[in-house]
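**Q** can't give you the sequence, but here's the structure:
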């Protein structure tokens, strides 16, 4: 029962989230005590479901771009011809962590305008570091016996990378992607300050109108999404780790 309860709870929370996004008016009695002066109880300036999908799309695009670039850089600096670029690569991926996302948005708006583009730039830069560092760790801590065996059977460098190194490093890389996605899910809310369509709209509307119900709705949706996606990627990471362990034993 102890093993099943967390899964049941997560499924229950996920179902509640889906129902809330589809029929938010059903939850009006829950949020009514948080409003005052006959203010709207449920966010009424747009569709919560649509904003959630747009929020997830923005995070997915930024994370996909960060994943491709970060893994490519990690592969480059772990090859003999690219090892000298490690300090430069570290400096590049640290840019997003050096400047706060708000500062990146402020710098990006004059160049690309308002909307989703500056948010994508900020999330892309912010998500590079954890993926790069985990990919670098995964590719530099492979079991020597496995890599030596791959060389022994005549695999080329490309074959070793695709068939041995990346699959073995994938659990560690996924851990970096999981961290990047979780961070970006929350960070994406500030994109609404530059007219990006994210769940930040709900939170900002609540802050502007002193409506705690709006703030809580936006925050809860982002929080539940972060927990669900974090758990899903963690489960995928454990599954791949077990498969890799079985393959190494075999």
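**A** Looks like it came in fine. None of the values given here were measured: they were computed from a predicted structure.
**Q** could you point out which element follows the worst-scoring helix or strand of the chain on mean pLDDT?
**A** The least trusted helix or strand in the chain, going by mean pLDDT, DSSP states H and E, turns out to be helix 95-98, with a mean of 80. Using DSSP states H and E, the next helix or strand after helix 95-98 towards the C-terminus is helix 101-112.
**Q** Identify the residue nearest the geometric centre of the protein.
**A** By Cα atoms, centre = their mean, the chain has its centre lying nearest to residue 181, at 0.8 Å.
**Q** Can you give me the buried ones in the host helix or strand of it?
**A** Using DSSP H and E, residue 181 maps to helix 166-187. For helix 166-187, burial by neighbour count (16 or more other Cβ atoms under 10 Å) applies to 166, 168-187. Yep, even glycine has a C-beta here, placed from its N, CA and C like the rest.
**Q** what's the spacing between residue 184 and residue 17?
**A** 19 Å (Cβ to Cβ, to the nearest Å).
**Q** can you check residue 158 too?
**A** To residue 17, residue 158 is 43 Å away according to Cβ to Cβ.
**Q** Tell me the pLDDT of residue 234.
**A** Per-residue confidence at residue 234 stands at 86 (pLDDT).
**Q** Not counting its neighbours along the chain, what's nearest it?
**A** residue 178 (6.4 Å; Cβ to Cβ, 6 or more residues apart in numbering).
**Q** Local confidence estimate at that neighbour?
**A** If you check residue 178, the pLDDT there is 93.
**Q** Kindly provide the distance from it to residue 89.
**A** Note on residue 178: its distance to residue 89, by Cβ to Cβ, is 21 Å.
**Q** for residue 70, same thing?
**A** Residue 70 sits at a distance of 9 Å from residue 89 (criterion: Cβ to Cβ).
**Q** Comparing those two, which residue is more hemmed in?
**A** For residue 70 versus residue 89, the count of surrounding residues by other Cβ atoms under 10 Å is larger for residue 70: 28 against 20.
**Q** so what's the more buried one up against?
**A** 93, 127-128, 131-132, 135, 176 (Cβ atoms under 8 Å, 6 or more residues apart in numbering).
**Q** And these, which is closest to residue 143?
**A** Ranked by distance to residue 143 (Cβ to Cβ), the contacts of residue 70 are led by residue 135 at 17.0 Å.
**Q** How about that closest one: what's its closest non-neighbour residue?
**A** Nearest non-adjacent residue to residue 135, counting by Cβ to Cβ, 6+ apart: residue 74, 3.6 Å away.
**Q** is it true that the one you found touches residue 132?
**A** Yes. Using Cβ atoms under 8 Å, residue 74 makes contact with residue 132 at a distance of 5.7 Å.
**Q** how would you label residue 197: helix, strand or coil?
**A** Of the three states, residue 197 takes coil according to DSSP: H, G, I helix; E, B strand; the rest coil.
**Q** which one is it nearest to, not counting chain neighbours?
**A** In this structure, residue 197 finds its nearest non-sequential neighbour in residue 54, 4.3 Å apart by Cβ to Cβ, 6+ apart.
**Q** One more: residue 202?
**A** Nearest to residue 202 is residue 218, by Cβ to Cβ, 6+ apart, at 3.3 Å.
**Q** May I have the residues that are in contact with that neighbour?
**A** The neighbourhood of residue 218, defined by Cβ under 8 Å, 6+ apart, consists of 43, 189, 199-203, 206.
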